[in-house]
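Asks: With the input below, show me the fold.
(chains A, B, C and D)
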There are 2 protein chains.
Amino acid sequence: MSTKVKVYEEVLKQIQTLIYNKKLSPGDRLPSERELAEQLNAGRSSVREALRAIELLGLIETRRGEGTFLRTYRTYHLVELLASFILQEPKSKQEILLSKRILEKEAVKLAIQSMDQKNIEGLQTVLHQEQNQQQKHYAFFSIIFSLADNYLLQKIWEVMEQFSHTINEYDYNDEFYHKLLIIYKNQQLENIEDLFNNLSLN
Amino acid sequence: MSTKVKVYEEVLKQIQTLIYNKKLSPGDRLPSERELAEQLNAGRSSVREALRAIELLGLIETRRGEGTFLRTYRTYHLVELLASFILQEPKSKQEILLSKRILEKEAVKLAIQSMDQKNIEGLQTVLHQEQNQQQKHYAFFSIIFSLADNYLLQKIWEVMEQFSHTINEYDYNDEFYHKLLIIYKNQQLENIEDLFNNLSLN
DNA sequence: AATAGCTAGGTGGTCTGACCAATTAGGAAG
DNA sequence: CTTCCTAATTGGTCAGACCACCTAGCTATT
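Replies: Below you'll find the model as predicted:
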């Protein structure tokens, strides 16, 4: 009949509801550890255990001397955490490349609505800058993902992009980027699928 | 020149390398908190903060009186916890649902080659079983992802699927599954895009 | 009066010691 | 040999003590 639930888990919940009830937003400050301990009838160490756990997930940020703050939800720290975990498991290089390509394709589609003349020029600028292919590709699609306005997809893509650097296979050529720009200029949504399907899978 | 790095973060790394060096497998026992504290020249509270964080990630399990044990990785805890924080932003809900749908769509495409009569029957069986919509959807697409033969995409999708459970919006209907089966029967790859595009985004 | 500098209080970071609760192993009693 | 109990070990929790750091506000100097 004793409390099977650990204190730090209970504190975890309390902090959640506290955030919800007080409608705290990213950037707002939480009560100090000592205050929380007193309010929740718990020891400071238990409160800290809960806070450290939340911190590791990237949901809060602590600044010595100042306090504990809610973080921007945008960080999506979890995505990187989970993604790197998933990607470490044995898998084929082809899976990563294929998955990455799928995300890029869909981002291209999502971005087409926001793609005006100005943005297209931005893409062209990136292509003309003197960099290696990897940097160019990353910069190019970073713009596209921003316009696609889906931060989650972008984060997943970034992790894949990083992993793909360790793979020595590059299958995009200048023609690909060129064709893509034409598609954007003419707003030919229906041609995107083919563009990506015609990429060779080495 | 002081140690900017927090002790518990350092302990975290040490424990990870310890697991790696000693090749500990799920089920194996870690040194006791007091032992770790002594070995790593840290206080027991710092060790505990690290352990609690790892525990929240679902990597270890602690049993009072026995010890701390490695366990097979599960994301459930994590997802539930993160959901309550992240999903407060309406935008992120839509991002997750949209991202999930993209993965499902591409999995459907990838699976079409391996989709024979037998597999189609398997899908039908799932649909006819008495379960709630969530379970049905998960089982249905689990089959598809297996046939798509991309472990990476499947893992990412599973996480998103878990997240979506915490969102009270369901936008697939029986007609969707039915149409999908017809597409598979007739191997109409070209109709998949439209099928998904016609799903309403509530 | 304006500014530079210092001080006190609050905050997170860490350690130590104490005690409780659960489990286990080993010895004592039958 | 079996049963039971005790002691040791381990995680769970708390309290208190410092330290490092930041900030606001006061003080003293210009």
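
Asks: number of nearby residues for residue A:178?
Replies: By other Cβ atoms under 10 Å in any protein chain shown, 12 other residues sit near residue A:178. Backbone N, C-alpha and C define where each C-beta goes, glycine included.

Asks: before we move on, what about residue A:57?
Replies: 20.

Asks: what do you get for residue A:67?
Replies: With other Cβ under 10 Å as criterion, residue A:67 counts 14.

Asks: what sits against it?
Replies: A:29, A:30, A:32 (Cβ atoms under 8 Å, 6 or more residues apart in numbering or on different chains).

Asks: where's the spatially most central residue of chain A relative to DNA strand C, distance?
Replies: Chain A has residue A:155 as the residue nearest its centroid, 2.3 Å off, counting by Cα atoms, centre = their mean. As judged by Cβ to the nearest atom of the strand, to the nearest Å, residue A:155 and DNA strand C stand 25 Å apart.

Asks: mind checking how far the strand or helix carrying that residue is from the chain centre?
Replies: Take DSSP states H and E as the rule and residue A:155 turns out to sit in helix A:151-165. Here helix A:151-165 is found 7 Å from its chain centre; the criterion is Cα atoms, centre = their mean, to the nearest Å.

Asks: likewise stretch A:166-180?
Replies: 23 Å.

Asks: Could you give me the buried positions within that stretch?
Replies: A:172, A:177, A:179, A:180 (16 or more other Cβ atoms under 10 Å in any protein chain shown).

Asks: Of these, which belong to helices?
Replies: Among the buried residues of stretch A:166-180, the members found in helices (DSSP state H) are A:177, A:179, A:180.

Asks: Stretch A:133-152 close to chain B?
Replies: Yes - contact between stretch A:133-152 and chain B, assessed by Cβ under 8 Å from any Cβ of the partner chain, occurs at A:150, A:151, A:152.

Asks: After the helix or strand of chain A with the lowest mean pLDDT, which helix or strand is next? Please name it.
Replies: The helix or strand of chain A with the lowest confidence, counting by mean pLDDT, DSSP states H and E, is helix A:77-88 at a mean of 62. Next helix or strand after helix A:77-88 toward the C-terminus (DSSP H and E): helix A:93-111.

Asks: Skipping adjacent residues, who's closest to residue A:152 in space?
Replies: In space, and not counting its chain neighbours, residue A:152 is closest to residue B:95: 4.4 Å by Cβ to Cβ, 6 or more residues apart in numbering or on different chains.

Asks: roughly how far apart are that neighbour and DNA strand C?
Replies: 30 Å.

Asks: what are the ranges of the strands in chain A?
Replies: Counting by DSSP state E, one finds strands in chain A at the ranges A:60-63, A:67-70.

Asks: What are the buried residues along the first one?
Replies: Going back to what we said before, that points to strand A:60-63. A:60, A:61, A:62.

Asks: closest to residue A:163 among these?
Replies: residue A:61 (26.9 Å; Cβ to Cβ).

Asks: what residues does chain A put near DNA strand D?
Replies: Applying Cβ under 7 Å from any atom of the strand, one finds that chain A approaches DNA strand D through A:3, A:6-8, A:37, A:41-46, A:49, A:63-66.

Asks: Beta-bridge partners for the closest residue to residue A:19 other than its chain neighbours, please?
Replies: Once flanking residues are discounted, residue A:19 sits nearest to residue A:70: 6.8 Å by Cβ to Cβ, 6+ apart. Counting by DSSP bridges, residue A:70 is bridged to residue A:60.

Asks: contacting residues for residue A:70?
Replies: Residue A:70 touches A:19, A:24, A:25, A:26, A:27, A:28, A:29, A:30, A:59, A:60, A:61, counting by Cβ under 8 Å, 6+ apart.

Asks: Report the contact partners of residue A:162.
Replies: Counted by Cβ under 8 Å, 6+ apart, residue A:162 has zero contacts.

Asks: for residue A:196, that is, sorry about that
Replies: A:101, A:104, A:105, A:108.

Asks: ok, for the first one, nearest residue in space, not its chain neighbours?
Replies: Meaning residue A:101. residue A:196 (6.2 Å).

Asks: quick one: low-confidence ranges for chain A?
Replies: A:1-3, A:73-91, A:168, A:200-202 (pLDDT under 70).

Asks: can I see the domain layout of it?
Replies: Domain assignment for chain A, taken from automatic domain parsing, gives A:7-75, A:91-197.

Asks: any chance of those domains in JSON lines, with distance to residue B:166 too?
Replies: Below are the domains of chain A laid out as JSON lines (distance: least, Cβ to Cβ, whole Å):
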{"stretch": "domain A:7-75", "distance to residue B:166": "13"}
{"stretch": "domain A:91-197", "distance to residue B:166": "15"}
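
Asks: Any idea which residue of chain A lies closest to DNA strand D?
Replies: Nearest to DNA strand D in chain A, going by Cβ to the nearest atom of the strand, is residue A:65, at a distance of 2.6 Å.

Asks: What does that residue show for phi and psi?
Replies: In terms of degrees, to the nearest 10, the main-chain angles of residue A:65 are phi 90, psi -20.

Asks: how close does it get to residue A:72?
Replies: Between residue A:65 and residue A:72 the computed distance is 21 Å (Cβ to Cβ, to the nearest Å).

Asks: and the two? which has more neighbours close in?
Replies: The neighbour comparison of residue A:65 against residue A:72 (other Cβ under 10 Å) goes to residue A:72, with 14 against 4.

Asks: Can you measure across stretch A:169-178, start residue to end residue?
Replies: End-to-end distance of stretch A:169-178 (Cα to Cα, to the nearest Å): 20 Å.

Asks: Is any residue of it near chain B?
Replies: No - residues of stretch A:169-178 are not located near chain B by Cβ under 8 Å from any Cβ, the shortest gap being 16.0 Å.

Asks: Does residue A:187 touch residue A:114 like I think?
Replies: No - Residue A:187 is not in contact with residue A:114 according to Cβ atoms under 8 Å; the separation is 11.4 Å.

Asks: okay, now the residue nearest to residue A:15 when sequence neighbours are not counted: neighbour count?
Replies: The shortest distance from residue A:15 to any non-neighbouring residue, by Cβ to Cβ, 6+ apart, is to residue A:50 (6.4 Å). A count of nearby residues for residue A:50, using other Cβ under 10 Å, gives 28.
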